[in-house]
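In: With the input below, show me the fold.
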Amino acid sequence: MNCRIATTSNISLLRDFVSKPTEEEWVYETLPPPSETKLFKILKDAYGDIQTLESIFEFAWIASSELGAWCANQVWALALADEAMPKLEGSIGKNADTDSQTSGRTLNEIKRVNEASQLIKDYLSDQAFEPMGLSSKVELLLRKLSEQFSKWPNTKCIVFTERRNTAKVLLQLCKVRDIPNLRPDVLVGLRRGDAIGTNSTFRGQFLALIKFRKGEVNCLVSIIMASEHL
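Out: Next up, the predicted model:
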């Protein structure tokens with residue numbers, strides 16, 4: 001991100017100038033198996049047949065275990081947000097042809113996705129943040145971030161995840177938790193077909209790097225680039 005590269009023919013000399021980082025092992029309680037949140041069940045019953053939403057259902061199911069119920073519901077808030085709808089509608093319509101029957105089905109599916117978007121807004125507007133709705137792994141992460149930034153406000157860090165959509169959900173969580181001195185952003189690159197891909201643009205990712213370099217952002221939630229997960 002903002003570093004210098006040093007080379008040497010004698011590796012022992014390099015050790016005199018570069019200190020080995022201190023490693024910590026964090027242990028969290030065993031995660032529960034995935035389960036349906038109430039919102040998941042409502043959406044599955046009403047819109048589970050819509051193929052375009054399949055990857056979102058898959059990630060929300062995984063998130064219920066790895067991140068917790070609150071985060072699993074936020075998957076839907078991000079995936080069917082107003083700014084995401086044009087992309088979803090385009091995905092539904094890209095395979096439609098000029099056949100009137102197919103076009104009718106496409107328009108009906110787009111209508112149903114918009115209904116689902118409104119349902120999610122209405123449902124979540126009545127839901128307060130629930131501290132108990134987070135997994136033990138996420139709670140541990142938040143506690144460690146809070147401890148670090150309260151003691152050392154000038155800290156800079158990168159939180160790595162295996163899934164780019166996990167990074168986006170964690171960003172929303174950090175904003176809601178409002179940890180003192182923590183100024184987070186997300187850096188996940190660009191990838192077609194993301195369940196929550198509309199939040200990433202080349203300009204947005206470039207600005208995130210610049211802000212991190214300047215200190216305007218001090219915590220980047222990013223992905224392990226070799227990962228092929230969602």
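
In: which secondary structure element contains the residue nearest the centre of the chain?
Out: Geometric centre of the chain, nearest residue: Lys168, 2.2 Å, by CA atoms, centre = their mean. According to DSSP states H and E, Lys168 maps onto helix 164-177.

In: what does the average pLDDT come to for that helix?
Out: Across helix 164-177, pLDDT averages out at 92.

In: ok, then the element right after it?
Out: Beyond helix 164-177 toward the C-terminal end (DSSP H and E), the next one is strand 184-187.

In: Check which helices and strands that next one is in contact with.
Out: If you count contacts as 3 or more CB pairs under 8 Å, 6 or more residues apart in numbering; DSSP states H and E, strand 184-187 packs onto helix 164-177, helix 202-214, strand 219-223. For glycine as for every other residue, the C-beta is placed from the backbone atoms N, C-alpha and C.

In: which helices and strands sit right next to the last one?
Out: What that stands for is strand 219-223. When contacts are defined as 3+ CB pairs under 8 Å, 6+ apart, strand 219-223 sits against strand 157-161, helix 164-177, strand 184-187.

In: List the buried residues for the second one?
Out: Taking 16 or more other CB atoms under 10 Å as the neighbour-count basis, helix 164-177 is seen to contain the buried residues Arg164, Asn165, Thr166, Ala167, Lys168, Val169, Leu170, Leu171, Gln172, Leu173, Cys174.

In: Who are the packing partners of it?
Out: Here helix 164-177 touches helix 54-66, helix 69-79, helix 136-151, strand 157-161, strand 184-187, strand 219-223, going by 3+ CB pairs under 8 Å, 6+ apart.

In: between that helix and helix 69-79, how big is the angle?
Out: Interaxial angle, helix 164-177 versus helix 69-79 (axes from the mean of the first three to the mean of the last three CA atoms, to 10 degrees): 110 degrees.

In: contact partners of helix 164-177?
Out: With contact meaning CB atoms under 8 Å, 6 or more residues apart in numbering, helix 164-177 is reached by 59, 63, 66-67, 70-71, 74-75, 77-78, 129, 134, 138, 141-142, 145, 159, 161, 182, 184-189, 191, 194-196, 199-200, 219, 221-223, 230.

In: related to what we said a few turns ago, using CSV, write down the CA coordinates of the helix holding Lys168.
Out: Taking C-alpha atoms only, helix 164-177 is exported to CSV below (Å, rounded to 0.1, in the frame of the first residue of the first chain):
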residue,chain,number,x,y,z
ARG,A,164,-15.5,-10.2,-0.6
ASN,A,165,-19.2,-9.9,0.5
THR,A,166,-18.2,-10.6,4.1
ALA,A,167,-15.9,-7.6,3.8
LYS,A,168,-18.8,-5.4,2.7
VAL,A,169,-21.1,-6.7,5.5
LEU,A,170,-18.4,-6.1,8.1
LEU,A,171,-18.0,-2.5,6.9
GLN,A,172,-21.7,-1.9,7.6
LEU,A,173,-21.3,-3.5,11.0
CYS,A,174,-18.3,-1.3,11.9
LYS,A,175,-20.3,1.8,10.9
VAL,A,176,-23.3,0.8,13.1
ARG,A,177,-21.0,-0.1,16.1
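
In: And that helix, how far out from the chain middle?
Out: Put simply, helix 164-177 sits 5 Å off its chain's centre (CA atoms, centre = their mean, to the nearest Å).
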